[in-house]
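Asks: Okay, predicted coordinates and the sequence, questions at the end:
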Amino acid sequence: MYRITYGLKVHEAFFNQQPNYKNYTMTTPTIEAPTREETTAEPLLFIDSLSITFGDQQVLRNISLKITSGETLVILGESGCGKTVLLKTMIGLIQPTTGDIRFEDTSLASMAERQLAHLRTRYGFVFQGAALFDSATIAENIAFPLREHTQLEEDEIAKIVAELVAEVGLPRAVLRKKPVELSGGMRKRAGLARALALDPQLVLYDEPTTGLDPIMSDVINELILRVHRRPETTNVVVTHDMTTAHKVADRIIMLYPLSRLKQGESQIIFTGTPEELDGSTDPRIRQFIEGQAGQRLNELRKEQHQKDCAPSSETIN
Amino acid sequence: MNSLTTTQSEPTADDVTGWFANRVADVGDMAVTMVAGIGDVTLFSLRTIGWLFARRQRRDVLMPSFYQIGVLSLPVIALTGLFIGMVLAVQSYAQFKALGLQTRLGSVINLSLIRELGPVLAATMLAGRVGSAMAAELGTMRVTEQIDALESMGANPIYYLVVPRFLGCLVLIPALTIMADFMGVLGGYVYSHGILGIDYHHYWSNSRAYIDSFDFFMGIFKSFFFGAAIALVSCHHGFHCDHGAQGVGRAATNAFVHSFVLILVLDLFLGIGLNNVQDYLRPEGPRSLL
């Protein structure tokens, strides 16, 4: 399933010159890409019986998932099923109500604030709306993690920023611009460049192609594939775009909204390869793949009607 | 229809009990929300103070906050101080003239300004101009996931976003208070001398006789608390902003309203406390204006 040729050097596998910033040096190390046997030995991230509840609304129920090093996992599901919540829980931005998240067998819940902050330097997060800092230029945005976590000189940071911008296909002129001056696709690519600045081990993408035209969506997909080619880099992509899922996924899981499940039913209704997803006969999966509303509109109207007719606790009968 | 009319006009004992139970539950819910809110602000404040000492602030992060809070607030605070000084002269003159004490006008205007109006006005203007803006800015950052982005990169949002604003308010509000005091004193004098014709010498000699350095200290001391309250309340509202434009708007409004209320509450308790200190330091008590 891996698309890379094993044994490639880092700089051949991805950006022509990809420095190892973690060691705060500008050398280009030669690292052998891991074999499949090595990567499947133990999970990079292990989600154990995770449940998330906001107030009285449960969003995720008893989710268990292993993410192995080097794979690209795509999380599919309709809007509101908890995909983004699951993604943010993986990096500790949302705390589990019950259950645990373990990164290389260390529980995120057991970590002190500083430990968690340090661990996050091994993550890259590409937000749905890019989440670039409005008040800073693109150069300052991309340089932020480098200034925060490395001792690199300003000229070295500037060089790395220029390389990252070039690799995501942005012109140098954008470096001086503010995020508001950029188009949606450019902002997404700048967000990806920032996420890659610290050479992360695990890159999380939240709806990376939402709101983009088909060509720009494919550009983003190509960039995800490039990231995938980096040795020991794991991708988790949350999307409802089937084209993205088919193009980038090694493995796909599909989440289903809890409100539509019976008690005891698993919220993950599919796990497998893109080919297995296409061959699935589950009507819920087929409905999603084929993008057909079916009886959904009637069901939504019925749910709304039931809510409207529910007696209010304020009224004295 | 009949049964509906009957149940509406004659609620049973269970219905009435249920209604009261709901009201009691509402009050309980409100109390829990309030206590949780106060606890949340307290923890937020402690974390801010913790980060204030944990790591040194970067100059390039600190300076824009200082500029926004200090330099850009200066004109509006100076203008407000100037006019409030003149208004005090206008309102006090008739009463003092009736008693034949026009020359004491300087002492009452300047004492009011330095002890109370200068610090409270400067803080109120800061809450309106800077507090609301901080809440709206941080609220927008929350809504657009910029705060999540900071955390995801292993940076602490309190350190980056709250501490510079907190320091800006804390360090610069005394300077803004001094400016409000100065402009108020100037406005009061210009109106009293220029329009009301009060003698220069008596105006200032009476002012000097009734105002001492403790009055000045009292105003400045209080301003530190006001500045800290504005920054913490406003940043907390921004950090816990609801989604959407309405959420950001509500955060900005609540930041001002809650800061203003807190300024007045603090002013009362600090005033009582500082008066006791003054009584201790000067047992003979203040000189009577009359």
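Replies: Yep, that arrived. Numbers count the residues shown, from 1 in each chain, chains lettered A, B, ... in the order given.
Asks: With just CA atoms, put the helix or strand encompassing A:Glu303 into CSV.
Replies: A:Glu303 belongs to helix A:296-309 when assigned by DSSP states H and E. Output of helix A:296-309 as CSV, limited to C-alpha atoms (Å, rounded to 0.1, in the frame of the first residue of the first chain):
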residue,chain,number,x,y,z
ARG,A,296,-32.8,11.7,4.9
LEU,A,297,-34.8,14.9,4.3
ASN,A,298,-38.0,13.2,5.5
GLU,A,299,-36.1,11.8,8.6
LEU,A,300,-34.7,15.3,9.4
ARG,A,301,-38.1,16.9,9.1
LYS,A,302,-39.6,14.2,11.3
GLU,A,303,-36.9,14.7,14.0
GLN,A,304,-37.5,18.5,13.9
HIS,A,305,-41.3,18.0,14.2
GLN,A,306,-40.8,15.7,17.2
LYS,A,307,-38.6,18.4,18.8
ASP,A,308,-41.1,21.1,18.1
CYS,A,309,-44.0,19.1,19.6
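Asks: hmm, who's touching that helix?
Replies: For helix A:296-309, the surrounding residues in contact (Cβ atoms under 8 Å, 6 or more residues apart in numbering or on different chains) are A:Gln287. Every C-beta, even on glycine, is put in place using the N, C-alpha and C of the backbone.
Asks: Pull the distance from the longest helix seen in chain B to the chain's centre.
Replies: When chain B is parsed with DSSP state H, its longest helix is helix B:13-54. Relative to its chain's centre, helix B:13-54 lies at 23 Å (Cα atoms, centre = their mean, to the nearest Å).
Asks: got the residues of the stretch 151-290 of chain B near chain A?
Replies: For the stretch 151-290 of chain B, the residues in contact with chain A (Cβ under 8 Å from any Cβ of the partner chain) are B:Glu151, B:Ser152, B:Met153, B:Gly154, B:Ala155, B:Asn156.
Asks: Could you list the low-confidence segments of chain B?
Replies: B:1-9, B:285-290 (pLDDT under 70).
Asks: quick one, helices of it?
Replies: For chain B, helices defined by DSSP H occupy the ranges B:2-9, B:13-54, B:59-66, B:74-98, B:105-112, B:118-126, B:132-143, B:146-152, B:157, B:163-189, B:200-210, B:213-239, B:244-281.
Asks: Please identify the most buried of those helices.
Replies: helix B:118-126 (a mean of 27; mean count of other Cβ atoms under 10 Å in any protein chain shown).
Asks: Run through who's touching it.
Replies: B:69, B:73, B:76-77, B:80-81, B:84, B:169, B:173, B:176-181, B:184, B:219-220, B:222-223, B:226-227, B:230, B:260, B:263-264, B:267.
Asks: hmm, back to that, between the helices of chain B, which one is closest to A:Gly185.
Replies: Nearest to A:Gly185 among the helices of chain B is helix B:146-152; the distance by Cβ to Cβ comes to 18.3 Å.
Asks: Past the closest one, which element shows up next along the chain?
Replies: Helix B:146-152 is succeeded, C-terminally, by helix B:157 (DSSP H and E).
Asks: So which elements touch that next one?
Replies: Helices and strands touching helix B:157, by 3 or more Cβ pairs under 8 Å, 6 or more residues apart in numbering or on different chains; DSSP states H and E, are helix B:146-152.
Asks: and residue 255, what does it touch?
Replies: Picking chain A for this. Here A:Leu255 is in contact with A:Ile63, A:Ile75, A:Leu76, A:Gly77, A:Cys81, A:Gly82, A:Lys83, A:Leu86, A:Gln267, A:Ile268, A:Ile269 (Cβ under 8 Å, 6+ apart).
Asks: Sorry, I should have been clearer: chain B.
Replies: Counted by Cβ under 8 Å, 6+ apart, B:Ala255 has contacts B:Ala127, B:Gly131, B:Ser132, B:Met134, B:Ala135, B:Val233, B:Ser234, B:His237, B:Gly238.
Asks: let's go with 6 Å and repeat that
Replies: B:Gly131, B:Ser132, B:Ala135, B:Ser234, B:His237 (Cβ atoms under 6 Å, 6 or more residues apart in numbering or on different chains).
Asks: Name the residues of the stretch 51-200 of chain A found near chain B, please.
Replies: Applying Cβ under 6 Å from any Cβ of the partner chain, one finds that the stretch 51-200 of chain A approaches chain B through A:Ile91, A:Leu93, A:Ala117, A:Arg120, A:Thr121, A:Phe125, A:Phe127, A:Gly129, A:Ala131, A:Phe133, A:Pro145, A:Glu148.
Asks: now, among these, which is nearest to A:Gln263?
Replies: For these, the nearest to A:Gln263 is A:Leu93 (28.5 Å; Cβ to Cβ).
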